[in-house]
Every structure is written in C-alpha cells, then in structure tokens.
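K.L.:
pasting the sequence and the predicted coordinates here, then a few questions.
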Amino acid sequence: MQITKTVDETRAVVKEWKRQGLTVGLVPTMGFLHEGHASLIERCRQENDRVVVSVFVNPTQFGPNEDLEAYPRDFARDSALCQEKGADLIFHPEPEDMYDDPRAYVSIEGLSDNLCGKSRPIHFRGVCTVVSKLFHIVAPDRAYFGEKDAQQLAIIRKMVKDLNFDLKIVGCPIVREADGLAKSSRNTYLSPAEREAALCLSRSIRRGKEVIGMGMDSQTLLKEMRAVIEAEPLARIDYVSVVDALTMEDVSSINRDVLVAMAVYIGKTRLIDNFSYEI
Ligand code: AMP
C-alpha cells in the first residue's frame, strides 16, 4: 500500500494504473476510521482493480464554531485498517496541499438548504468542493459513500449528474454498533452516560420504521419519532424531518419515496441518523 501527500504524486500513481487499463475506486473519508468506513473500503475492493482511500479532515466543510480542531485523528490506526482491508493507496494531504487561497467552490442549490444545511450553512458547499477536487485528482471509475450521510449522498449524486462527472456513485448501508447506534467518528466524544442516551436516535428510527407503513401523514410520524427522543433528558433535537428522497424538500403526505432523517445533540455532540422509505 502506498501513501501520497501531494496532488501531483497521487495523479502520477493513478495515471500509471490507468495506463495499465485498471479500474479505480475511491473512498473519501475524514479519517478516524471505523467499521462504517471499512464496509465502504470492502465494497470498493470487490468492485475495482485499485482502491484509493482519502483521509482528509476538510476545513471548508466546518463552520466557525464547529469541531474542526477537536475532530479525532489517528493516521497510524487508519493506515493499518486501510492496509488490512486491501487499499492500494491512501491520499493524505495537508490542508495547504488542497487549498491555496481558494476562490472556486461547488454548491448544489436547493438540496443543501434543508436538514443539516439549515444548521450548517456552508457544510455542503465544503463537501461538494472537496469531493469535486478528489474526483479530479483521483479520476475514479466509482466512488463510495455511506447512507449514514443521506443528504450528502443525495447532493453528491445530483452534483455528479449536473456537472457530468464520468463516474458511478455507490451508496452503502449504515453500519451500526450492536446496540443500534450508527457508527460515527464523533461517537468518541460521548461520555458513558451520553453514549447510553445516544441510543434514543436508533430507537426513534426503529419506531419510525414500525409506524411509517400504517398510512399516517408525516406530522403524525414525526410526532411518534420525536416523542422517543424527547423522553431522553440528555438529548436535544436539531431536526427530525420527512423529505422527498431526491429534492430533500419537506413532504406532508408519504406518497412517494422519502428520507426520514434526524440530527440530535447529545450534550455537545451532534449525531445524525436516518432511514429511507420507498412506496
Ligand atoms: P466521514 O469520515 O465521516 O466523512 O465519512 C466518510 C464516509 O463514510 C462517508 O461516505 C460516510 O457516509 C461513510 N460512513 C460514516 N459512518 C458510516 C456508517 N456508520 N455506515 C456506513 N457508512 C458510514
């Protein structure tokens, strides 16, 4: 397994693979890898001749009062996991290698306004910008993203379509802890009491899945789901919403494919979870 730090080095490695006619898969990450990331790398390994994992805590997707500095980092552990899962290359740039007084950004209108975009106004612009850069640098045939970040996945699919990126986006299912909590690098922030409290997200998701097929409107569904979270004293809801699966706009009747998504603060830690419902 190779490790590259610069854009030029990375391009040179990929260029040689392409010259040999090999297919390339990319798994973009911010590091501090867990089994959720590992599932993406495994899928990428199955479907491509060469596997690239990017490990980059992308500053442009963090707001001024967010956790950029505190975001957990452990590159030695990440590279051991990538090696074990059969990655061929880790691209691990420094922020200075990726951004030099940037003036170009990629924004996807509409889909970025609701859900996480409401409380994190520049987040998806940062995500789309860094993902576009990674697509240009690595030129992958396929790129792998988790359904855990469902709004991100919908936005990236739309970006690829609208901007004619020549690659396939592969969405991968949410990987959970044995007790139901969706795996996240941010789970490391939780105290033992908060870790217990954080189960209210997956409990609410389970409740939502139970009742969504019963023909109720979205307000009734959301009431049921919010009640589960509101019963937990350490939890504070940012949003619980039912949106159109493609546009990310709120819907009142569940008469089309929808995403049911939530963001909840457990103490100071903001966690997300979701499920999709196809009619
Ligand atoms: P991150 O390092 O948080 O930016 O995540 C990198 C990729 O891993 C994103 O596409 C995430 O959606 C995906 N991912 C993170 N957690 C999970 C999980 N629990 N299950 C599946 N995919 C995940």
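P.N.:
Happy to help now that I have it.

K.L.:
which parts of the stretch 1-150 of the chain are strands?
P.N.:
All strands of the stretch 1-150 of the chain, identified by DSSP state E, counting those that start in this stretch, fall at 2-4, 24-29, 50-55, 89-91, 142-146.

K.L.:
tell me which of those sits nearest to the ligand.
P.N.:
strand 142-146 (2.2 Å; Cβ to the nearest ligand atom). Every C-beta, even on glycine, is put in place using the N, C-alpha and C of the backbone.

K.L.:
who does whichever helix or strand comes after the closest one touch, helix- and strand-wise?
P.N.:
Next helix or strand after strand 142-146 toward the C-terminus (DSSP states H and E): helix 150-162. If you count contacts as 3 or more Cβ pairs under 8 Å, 6 or more residues apart in numbering; DSSP states H and E, helix 150-162 packs onto helix 123-138, strand 142-146, strand 168-172, strand 258-266.

K.L.:
for the second one, what is the average pLDDT?
P.N.:
Going back to what we said before, that points to strand 142-146. Averaging pLDDT along strand 142-146 yields 99.

K.L.:
what sits up against it?
P.N.:
The contact list for strand 142-146, computed with Cβ atoms under 8 Å, 6 or more residues apart in numbering, reads 23-28, 36-37, 39-41, 43-44, 47-48, 131, 134-135, 152-153, 156, 167-175.

K.L.:
and the angle for it with strand 50-55?
P.N.:
40 degrees (axes from the mean of the first three to the mean of the last three Cα atoms, to 10 degrees).

K.L.:
likewise for the last one?
P.N.:
Here strand 258-266 runs at an angle of 40 degrees relative to strand 50-55 (the same axes, to 10 degrees).

K.L.:
up against the ligand, what does the stretch 101-250 of the chain have?
P.N.:
Within the stretch 101-250 of the chain, the positions near the ligand by Cβ under 6 Å from any ligand atom are 145-146, 148-149, 172, 174-175, 182-185.

K.L.:
ok so, going back, any chance of TSV for the strands of the stretch 1-150 of the chain, columns mean neighbour count?
P.N.:
What follows is the strands of the stretch 1-150 of the chain, written out as TSV (neighbours: other Cβ atoms under 10 Å):
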stretch	mean neighbour count
strand 2-4	16
strand 24-29	26
strand 50-55	26
strand 89-91	24
strand 142-146	22
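
K.L.:
reformat these as JSON lines; add distance to residue 230.
P.N.:
Below are these laid out as JSON lines (distance: least, Cβ to Cβ, whole Å):
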{"stretch": "strand 2-4", "distance to residue 230": "46"}
{"stretch": "strand 24-29", "distance to residue 230": "33"}
{"stretch": "strand 50-55", "distance to residue 230": "37"}
{"stretch": "strand 89-91", "distance to residue 230": "42"}
{"stretch": "strand 142-146", "distance to residue 230": "27"}
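
K.L.:
is residue 50 in a bridge, and if so with what?
P.N.:
Beta-bridge partners of residue 50, counted by DSSP bridges, are residue 24.

K.L.:
ok, now how distant is it from residue 137?
P.N.:
Between residue 50 and residue 137 the computed distance is 14 Å (Cβ to Cβ, to the nearest Å).

K.L.:
about what we covered before: among the contacts of strand 142-146, which ones are buried?
P.N.:
The neighbour count (16 or more other Cβ atoms under 10 Å) marks 24-28, 36-37, 39-41, 43-44, 48, 131, 134-135, 152-153, 156, 167, 169-172, 174-175 as buried among the contacts of strand 142-146.

K.L.:
between the residues of the stretch 101-250 of the chain next to the ligand, which is closest to residue 90?
P.N.:
Among these, residue 185 lies closest to residue 90 (Cβ to Cβ), at 16.2 Å.

K.L.:
no more questions from me, cheers.
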